[in-house]
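K.L.:
for reference, the sequence and a predicted model appear below.
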Amino acid sequence: MAEFWAQYGSLLIEGTRDTLIMTGVSTFFAYVLGLPMGVLLNITQAHGIWPNKWVNRILGWIVNVGRSMPFIILMIAIMPFTKLVVGTKIGVPGAIVPLVVSAAPFIARMVETSLSEIDAGVVEAARSMGASRMQIVRKVFLPEALPSLILGASISIITILSYTAIAGAIGAGGLGDLAIRYGYQRNVPSMMWTTVLLILVLVQVIQSLFSWLSVKMDKRLR
Amino acid sequence: MSKTIIQIDHLNKTFGEGPTAVHALEDINLEIQEGEIFGIIGLSGAGKSTLVRCMNMLERPTSGSVIVDGQEMTQLKEKELNKARQSISMIFQSFNLLMQRNALDNICFPLELIGVKRSDAVARARELLKIVGLETREKAYPAQMSGGQKQRVAIARALATNPKVLLCDEATSALDPTTTLSILELLKELNQKLGVTVVVITHQMNVIEEICHRVAILDSGVVAEQGTVEEIFANPQTDIGRRLVYPNGVQIDALPTARVIRVAFNGGSSYEPLIASLAIDCGVKVNILGADTRNIDGKAFGTMLLGLPDDEKEASKAIRYIQAQSDITLEEVTING
Ligand SMILES: Nc1ncnc2c1ncn2[C@@H]1O[C@H](COP(=O)(O)OP(=O)(O)OP(=O)(O)O)[C@@H](O)[C@H]1O
Ligand SMILES: [Mg+2]
């Protein structure tokens, strides 16, 4: 045990750190893109507050294409773009670009669904008080959907986390990279199982934290 | 004299196109006076909600004009419309409060929209909570309140921007009779104290009876009749009017084939003394076939159907006697078949 730790300890810490950085940074930028896309998808529906058939169709199409692309293929396909944005195709920065591109459409759909749970009557009441569309989005849609958005975020984060393991295959670093390099290429099963365990713990912690937060935030449940 | 605050001319609203089009409103003309409580009643699907939603442009009329407080609503640009909506508030059957905000913050909401400073908004919200009798519940979330309390918060929220008009779409339909009465009392009080014009949409005649000054009856998208509540109650002119005034129905075809008269009370004495004095003064006994009278502000309104004796002389005697009374009108009912 002590021997294992002496040999691989720093690798595991580094790997965990890289995984957390990739997941955190990617989630942030994926939301920067995905949240407005999800809001737009929702409000441009026929019964939305800004009905616009074409914006809705085109955006919906982009999102569907993005979502139907397997991550590993997307990662390779957009390599030139990745290089353009972050100056490298590999490592942690090289993984963040495809992670963002792949997660944003997923997040857009998640946000769209969360917003659609809001009672149309509440939106109507805000309209009757003279709220602008922007005010409705900021003061009705987002705060009213917050508990659902938080739950959605936990799903997004965990999805991105599992993608970081795939990104490990192209040398992105992180726990997935360790599992592949040691568990598969060098045949150190104990190393592979340790990384799997670490990922499991991360998923558990994230899920519990966000579920707790969602319930705590939801003023409908008391 | 009072001035017109809502004027609706030749208003039409059609949903959809072609053969499946629904003509929800057809050539509606209404004038609502400043400071009155105006009722709009009709059966389900009559177009009441559509009509009231055309008053604040939640629904765009297909044609016609809607003037609220001197502004032609159909012509307003989005920004102007949002501004105009600050003085036309609305409350709903399902309350439509923000579920993630407590009572106080719900009332602050319309003030936030127009950029009122937080401390001023809170002060105003507290003032309104007091007016609606919920000063102790400012921290409560909608999920923690009863229907009646939620509607009080919604009313306070609607009043935050000092509106001139309060539109109420079935505001009491989700409440039990006692709570309904208390909300109606509150609306009446607000109307008297603040002078806010109230438009009440309902399918319940007792709501109209309780608080309205004037009423329009809507039937399949057209105004069947309108007038003061007293007029409509005393003497409904249309089938739909009679159906609403007598929900339990006086079945004309079930009446005996003798002469039948309808006696309308327009605010005089109630009916029992009339029947009694008919018997005592003229010695004529009449049959009460059906009656629906109500006390409005301590005066009797409503109508009664009387079956007259077969004897021609006795019948005319009764008719003359009734005609001689004040505040009572009489009409002969013709019975088909
Ligand atoms: N958005 C819409 N699209 C199509 N038809 C509609 C729409 N809104 C209302 N209608 C139709 O217009 C008619 C009037 O509806 P409205 O909701 O105004 O009735 P109402 O008198 O308020 O009825 P209720 O008492 O049930 O609320 C109905 O036939 C309804 O089906
Ligand atoms: Mg309705």
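P.N.:
Perfect, thanks for sending it. Only a predicted model underlies this, so the values are computations on that prediction, with no experimental measurement involved. Ligands and ions are numbered 1, 2, ... in the order given.
K.L.:
so which residue is dead centre in the chain?
P.N.:
In the absence of a named chain, this looks at chain A. Nearest residue to the geometric centre of chain A (Cα atoms, centre = their mean): A:S156, 3.6 Å.
K.L.:
ah, no, chain B please
P.N.:
Nearest to the mean C-alpha position of chain B, counting by Cα atoms, centre = their mean, stands B:G39 at 2.4 Å.
K.L.:
thinking again about what came up before, can you say which helix or strand has the residue nearest to the centre of chain A in it?
P.N.:
helix A:146-167 (DSSP states H and E).
K.L.:
for that helix, what is the distance to the chain centroid?
P.N.:
4 Å (Cα atoms, centre = their mean, to the nearest Å).
K.L.:
ok, and does that helix reach over to chain B?
P.N.:
Yes. Using Cβ under 8 Å from any Cβ of the partner chain, helix A:146-167 reaches chain B at A:L146, A:P147. All C-beta spots, glycine's among them, are computed from the backbone N, C-alpha and C.
K.L.:
report all helices and strands that that helix contacts.
P.N.:
helix A:2-43, helix A:71-77, helix A:91-116, helix A:175-178, helix A:189-217 (3 or more Cβ pairs under 8 Å, 6 or more residues apart in numbering or on different chains; DSSP states H and E).
K.L.:
got the end-to-end distance for stretch B:156-166?
P.N.:
Terminal residues of stretch B:156-166 lie 11 Å apart, using Cα to Cα, to the nearest Å.
K.L.:
circling back: what's near enough to touch the residue nearest to the centre of chain A?
P.N.:
Going by Cβ atoms under 8 Å, 6 or more residues apart in numbering or on different chains, A:S156 touches A:T27, A:A30, A:Y31, A:G34, A:A103, A:F106, A:I107, A:M110.
K.L.:
just for chain B, where's the confidence low?
P.N.:
Chain B contains residues with pLDDT under 70 at B:1, B:247-258, B:269-272, B:297-298, B:334-337.
K.L.:
can you list the domains in it?
P.N.:
Residue ranges for each domain of chain B read B:4-235, B:246-333, as given by automatic domain parsing.
K.L.:
redo those as CSV? Include distance to A:T23.
P.N.:
Formatted as CSV, the domains of chain B follow (distance: least, Cβ to Cβ, whole Å):
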stretch, distance to A:T23
domain B:4-235, 28
domain B:246-333, 64
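K.L.:
quick one, which of these gets closest to A:I13.
P.N.:
domain B:4-235 (39.8 Å; Cβ to Cβ).
K.L.:
so what touches the helix or strand bottoming out on mean pLDDT in chain A?
P.N.:
In chain A, the helix or strand scored least confidently by mean pLDDT, DSSP states H and E is helix A:175-178, which has a mean of 88. If you take Cβ under 8 Å, 6+ apart as the criterion, helix A:175-178 is touched by A:11-12, A:15-16, A:18-19, A:164-169, A:171, A:191, A:195, A:198-199.
K.L.:
go again with 7 Å.
P.N.:
Residues outside helix A:175-178 that contact it (Cβ atoms under 7 Å, 6 or more residues apart in numbering or on different chains): A:11-12, A:15-16, A:19, A:164-168, A:171, A:191, A:195, A:198-199.
K.L.:
Throw together a ChimeraX command that grabs the buried residues out of these.
P.N.:
To isolate the buried members of the contacts of helix A:175-178 in ChimeraX, using 16 or more other Cβ atoms under 10 Å in any protein chain shown:
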select /A:11,12,15,16,19,164,165,166,167,168,191,195,198,199
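K.L.:
pLDDT-wise, what's the bottom of the contacts of helix A:175-178?
P.N.:
pLDDT across the contacts of helix A:175-178 is at its lowest for A:G171, which sits at 77.
K.L.:
before we move on, back to that, pick the most buried one from the helices and strands packed on helix A:146-167.
P.N.:
helix A:175-178 (a mean of 26; mean count of other Cβ atoms under 10 Å in any protein chain shown).
K.L.:
who in chain A is up against chain B?
P.N.:
By Cβ under 7 Å from any Cβ of the partner chain, the residues of chain A that approach chain B are A:121-122, A:124-125, A:127-132, A:135, A:139-140, A:143-144, A:146, A:219-220, A:222.
K.L.:
next step: those residues restricted to helices.
P.N.:
A:G121, A:V122, A:E124, A:A125, A:R127, A:S128, A:Q135, A:P143, A:E144, A:L146 (DSSP state H).
K.L.:
next up, the contacts around A:S128.
P.N.:
B:N56, B:L58, B:R85, B:M90.
K.L.:
okay, the residues you listed in CSV with secondary structure next?
P.N.:
As requested, the contacts of A:S128 are arranged in CSV below (DSSP: H, G, I helix; E, B strand; the rest coil):
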residue, secondary structure
B:N56, coil
B:L58, coil
B:R85, helix
B:M90, strand
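K.L.:
quick one: which of those is nearest A:G38?
P.N.:
B:L58 (25.2 Å).
K.L.:
so what's the residue count around that closest one?
P.N.:
Neighbour count of B:L58, defined by other Cβ atoms under 10 Å in any protein chain shown: 18.
K.L.:
tell me if I'm right that it and A:A126 touch.
P.N.:
No. The criterion here is Cβ atoms under 7 Å, and B:L58 misses it with A:A126 at 11.0 Å.
K.L.:
quick one: buried residues of stretch B:53-61?
P.N.:
B:R53, B:C54, B:M55, B:N56, B:M57, B:L58, B:E59, B:P61.
K.L.:
for stretch B:25-44, same thing?
P.N.:
For stretch B:25-44, by 16+ other Cβ under 10 Å, it's B:25-26, B:28, B:30, B:32, B:35-42.
K.L.:
out of those, who's nearest A:V65?
P.N.:
For these, the nearest to A:V65 is B:L25 (44.2 Å; Cβ to Cβ).
K.L.:
need the contact list for whichever residue of the stretch 101-250 of chain B sits closest to ligand 1.
P.N.:
Here the residue of the stretch 101-250 of chain B nearest ligand 1 is B:H203; by Cβ to the nearest ligand atom that distance is 5.1 Å. Neighbour list for B:H203: B:I41, B:G42, B:L43, B:S44 [criterion: Cβ under 7 Å, 6+ apart].
K.L.:
what of B:N287?
P.N.:
Here B:N287 is in contact with B:L306, B:G307 (criterion: Cβ under 7 Å, 6+ apart).
K.L.:
now it, what are its backbone angles?
P.N.:
When quoted as degrees, to the nearest 10, the phi and psi of B:N287 stand at phi -100, psi 130.
K.L.:
for the contacts of B:H203, which two are the farthest from each other?
P.N.:
B:I41 and B:S44 (11.4 Å).
K.L.:
which of the domains of chain B sits most buried?
P.N.:
domain B:4-235 (a mean of 19).
K.L.:
what's the span of it, first residue to last?
P.N.:
26 Å.
K.L.:
how far does it sit from the chain's center?
P.N.:
In terms of Cα atoms, centre = their mean, the centre of domain B:4-235 is set 11 Å apart from its chain centre.
K.L.:
repeat that for stretch A:111-126.
P.N.:
23 Å.
K.L.:
that older thread, what's the closest of the contacts of A:S128 to B:K117?
P.N.:
B:R85 (21.2 Å).
K.L.:
once you drop chain neighbours, what's closest to that closest one?
P.N.:
Nearest residue to B:R85, sequence neighbours excluded (Cβ to Cβ, 6 or more residues apart in numbering or on different chains): A:G130, at 3.7 Å.
K.L.:
look up how far B:T161 lies from the one you found.
P.N.:
According to Cβ to Cβ, to the nearest Å, A:G130 stands 8 Å off from B:T161.
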